[in-house]
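Trainee: I would like to see how this sequence folds:
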Amino acid sequence: MHYMHDAGIDLMIFALRNNNEVFLKYSLNEEIFKIEYLRSDQIIEEFLDILQSDSKTELVFNCLIYADYSVWKPNQIERINDAIAEIVESGHESNRIMYCYNSILTICLACEILTRIGVQFKEYQQNSKSCIEDLLTLGDKLLDNLEDDYIDKFFLDLDFQDRTVLRIVTENDFSPLLSSEKINILIEEMWIGKATYECDGKISDFSLLYNLYKMKLNKIKGKNISLKEILYTNFKPNIKDEIYWFQYSVRHTSIQNIFLKEIISAALIAIVFQYFNFQYLWLFGMSNFNEVPAEERINAVNKNIATYEPYNLAGNLFSIALIIGACLKIVFNTFSSVSLPFDKWTNFDIVTSLMNIIAFNLTGQLTPEIILDPVRKQRIDIMIVFVIILQWGRLFSYLLVVRSISKLILTLITILQNALNFILIMLSYLLIMSTLFTVLYQEVVPRYSGIILSLRTLFDAAMGAYSYDGMDAQFMSHSVLIVVHIFLGNVFLLNYYIALLSAIFEEGTETTGEFGYLTSKYQFIERYQVALRDQDGYSELVIYPPPLSCFAAFLTPFALKKKWMLKASKIFSKMAFWTENIIYIMLFMLYSLMLIPLVYVKMVFNLMKMGSILHAIMIIPLWLMFGIFYLFYALFHDTQYFIRCLALNFDNGPLLNEQEEIDIKQDKIILYNEVIDVVKCIQHLYKEHKIKRQKRKNRNSLLKRSTKKLNEMDIKRFIQEKEAEQKKIENEEGFTISKELIIEAWCKFRPESTGNTPRAERKIGYQSKDIHEIFGDLFVAKLMAGIKVRHYNQKIQQENEKEYKAIKNELVSAFEKKFNKDLFEKQRMSSDDESKRSIEEEPKQYIPETEIQLIDDMLERFIFVSQKSSVEQLDIKLALKAIPSRINEHNVDRMDMIDFNVIQKSLIAFQNDDQDELFNYYDKRNKIRVSKLNKKSQETTDQTGDLKDLSSNVLGSVNKIIGLGEYLQRGNIQADNPKIKLNNNEIANNYNRKLRRQNTQDKKGKVNFMPQN
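Mentor: Presented below is the predicted three-dimensional model:
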């Protein structure tokens, strides 16, 4: 209460820096902090500075829900845009979403912030829209990688305004986040009720008639089975060990059951109002008084007014019942710890009830003068018609929760919305043509004498109702214009509209219709799920539909005190339950009565089959005479057990063992805090040694920097430069250590316990508060040797590898001097094998396996999958950023939602999608280029073939000339020689034979085309 009067900007900044989430949420909702604080530059800069550190992203985004972006400066808008854009641009190791326990909530809040910025600043609208699309795509990837068991935790988590993630998605139309089948399963589970899934009871557990109907008998050769053995075939009713869907604890919390009552009540109210309105039309139709003599009309009207008065009174009462239902929600929101939103169904109830009250008051004040006056009577008739439409619209609003009908209704609405643009085009076209026809033919025929008449005539013509008659001298021009109008209006525009509607229907059914259906269904679920979260009994005010809500109005006086309300609501709830059970018992008895004739006939065939003919002749008459009485006894027996089933399981709570869940939760709080302390200690030990080494390095560098004496300012400046340089490196530097080594450190750190669970009393404090004494110098050396420095910036990684090795070698050498070298080498075994051996041999002797498993499961969520290393390494820096400073009942469940591996896979898949789109873009361009190159290559190949043929011909001709020259030369030589006498004809013939032999060998590929010298 002190802060309500003294809550300033400094307190808000303190809460932000210290991550006081609960206090900030309460203060912002209760307006303890003034709205002006969120508009101040000091708070805005604080938000942006926190975002720059990549931590507390969810906290800042939750606070920015209340921000007024109209007062933000351009540079501040750019900074928040850049911070959100980092989610889709950064890698998984440096992505701010890695430090958020609920990545889906973070994405939804970021999209909501960008939407508001885009609305406020038009210049950022396109950028915001593009970033929202990327964020939703990333959210879809995250959803695909999330485990099914954690979907409900992610999507039912609350923001500062107590909105679930599902509500944020449905309110802002983030449809990609509802496209997964996992969300369908989640919504269906919420719809039916989790308790319903645990129901294992069947009608066969207690119904004798059902068992007789389903009984299958096999004849035993040589043995006659008696009638008693057939009727009592080992049947023993068992209802105590089973849970049935019609029992109180299940039925009372099922949204499906509540919807069934809502839809039946809405249908009955619609039918009743329709009947009342029909009575009005029948009693006050003018046809009833036209044939009545004038002097008797007033009496006839008065008589009908008196007949209608009971209907009018009943209509007012039903209308008041709708108003009472809305008023009870106001009472609920006033006294309950949770509040219900005024959804479309509540708004429909309010509007419908008010219009009905107005209509019935008008009809209640009818006089003969009003009825017999056509103008005044028509006004009342229009009001009655409007009320009828509203009433049926209320019924159809409930049908939005039924998948098949909802998708059709929402698609129809989408079609009508998209049709508005076409209607505008069609009207403009008709107005242009109407003006043309009016100007040309207004004096020829009456149907074109004015714009309105021409518009109606041309519309009828577009629908196919046109005429060429009566145009006389204007017949030809009129015919041409009508043909043009029919082509443009009917053939072109209307068919274009049909094609447009077809495309909208196909797209809307799969996208808009499905998303709208899921949105309506979740809104209806939330309408009652929020109410059922109330533990003080106020939910009984709002879970009954009108007119049943009138009975719940009697609980209103008890709402002033929670104790009164809790007792009164329990009594009222059980009274309502047994009232409903009358219908259930009647339906069960009707079902059993339908089984009686079937069982009666089936037993005759069973008796014939299970014995000899003589045995059947003796026993069948007995069954025919007394079987019907036995079956009615079975009916009474089954009904009795059905009522006993209804009387069981009256605890209005979850069916699971709550105490077991609470115990596990307490175990996690203790163990997780111990592990966080261990991780912080390991980081502190490493930084401590690194700082000492850095100081020695700085001192040595300072001494070597100059031979002359340095003044104090130079020393300070040098130290500041080194500290700034080291801080910059630390921002890009992380520390990794194996999971097994952390578990081994926790086993040494863990206090001794007097019991077998963390809940058992731990010994107060540790034997020593010095971490060196707890771990021991030898194990500290092992820890330091197991730590690996990694740099998120690869350039820094390469530059600092030598320094890291130097630190590690220095640690090793220091402890080698202190301890025996052989012992130290033994302790420096591989982290994986040594840690496993340590856990298996020492801790398990005194630490329960369940504790080690819980720790192992926790650490598993902070490990990145790496192909380079088979040892599971945990990044200490990233893990501590993602983990709360202390684990308590408020945030212990969030630890199960953190999973670095899921975010890693999702970010990689998202970034690969972008690369695939880029590749596809360039791939299409490359395909065009390859196609052109193939065409060019084919042309080049053809030209090369032509050149080859040409060169072959030229070469052949050259060979002929050379060969001929050789023979001629030989011929001359032989002519000079008297012993050889050859004439020119013989020389030519010899050359031709040789040439033919060469051509034959050329075809076989054995001859060189080049001439030989």
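Trainee: the nearest residue to Phe749 once chain neighbours are set aside: neighbouring residues, count only.
Mentor: Spatial nearest neighbour of Phe749, chain neighbours left out: Val678 (4.9 Å); criterion: CB to CB, 6 or more residues apart in numbering. In this view, the C-beta of every residue, glycine as well, is placed from N, C-alpha and C. A count of nearby residues for Val678, using other CB atoms under 10 Å, gives 23.
Trainee: so what's Val678 up against?
Mentor: By CB atoms under 8 Å, 6 or more residues apart in numbering, the contact list for Val678 reads Ile742, Ala745, Trp746, Phe749.
Trainee: from Gln853, how far out is it?
Mentor: Distance, Val678 to Gln853, by CB to CB, to the nearest Å: 17 Å.
Trainee: can you check Ala110 too?
Mentor: When CB to CB is the yardstick, Ala110 and Gln853 sit 35 Å from each other.
Trainee: out of these two, which sits in the more crowded spot?
Mentor: For the pair Ala110 and Gln853, the greater number of neighbours falls to Ala110 (25 against 10), based on other CB under 10 Å.
Trainee: tell me the pLDDT of the more buried one.
Mentor: We have a pLDDT of 94 for Ala110.
Trainee: how about the one 3 residues further on?
Mentor: At Ile113, the pLDDT value in this model is 94.
Trainee: ok, and the closest non-adjacent residue to it?
Mentor: Ile113's closest residue in space is Leu64 (CB to CB, 6+ apart), at 5.6 Å.
Trainee: quick one: name whatever helix or strand follows the helix or strand of the chain with the lowest mean pLDDT.
Mentor: Least confident helix or strand, the chain: helix 831-841 with a mean of 45, by mean pLDDT, DSSP states H and E. Going down the chain from helix 831-841, the next helix or strand is helix 849-860, by DSSP states H and E.
Trainee: list the helices and strands that following helix packs on?
Mentor: helix 658-705, helix 739-749 (3 or more CB pairs under 8 Å, 6 or more residues apart in numbering; DSSP states H and E).
Trainee: let's have the ones you listed in JSON lines, adding mean pLDDT and distance to Gln442.
Mentor: Shown next, in JSON lines, are these (pLDDT from 0 to 100; distance: least, CB to CB, whole Å):
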{"stretch": "helix 658-705", "mean pLDDT": "75", "distance to Gln442": "84"}
{"stretch": "helix 739-749", "mean pLDDT": "86", "distance to Gln442": "91"}
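Trainee: out of the ones you listed, which is the most enclosed?
Mentor: Across the helices and strands packed on helix 849-860, averaging neighbours per residue (mean count of other CB atoms under 10 Å) puts helix 739-749 on top, at a mean of 22.
Trainee: that helix vs helix 849-860, what angle?
Mentor: 130 degrees (axes from the mean of the first three to the mean of the last three CA atoms, to 10 degrees).
Trainee: which stretches of the protein form strands?
Mentor: 733-738, 788-791, 873-875 (DSSP state E).
Trainee: other SSEs contacting the longest one?
Mentor: If contacts are counted by 3+ CB pairs under 8 Å, 6+ apart, strand 733-738 sits against helix 658-705, helix 777-786, strand 788-791, helix 831-841, strand 873-875, helix 876-882.
Trainee: orientation of that strand relative to helix 739-749 in degrees?
Mentor: 80 degrees.
Trainee: parallel or antiparallel, list what pairs with strand 733-738.
Mentor: When pairs are called by DSSP bridges, strand 733-738 turns out to pair with strand 788-791 (antiparallel), strand 873-875 (antiparallel).
Trainee: nearest to Asn19, out of the ones you listed?
Mentor: strand 873-875 (20.7 Å; CB to CB).
Trainee: now that closest one: average pLDDT?
Mentor: 81.
Trainee: quick one: Phe273 from Ile617, how far?
Mentor: 63 Å.
Trainee: okay, now the unreliable bits of the stretch 201-350 of the chain?
Mentor: For the stretch 201-350 of the chain, the stretches flagged by pLDDT under 70 are 217-234.
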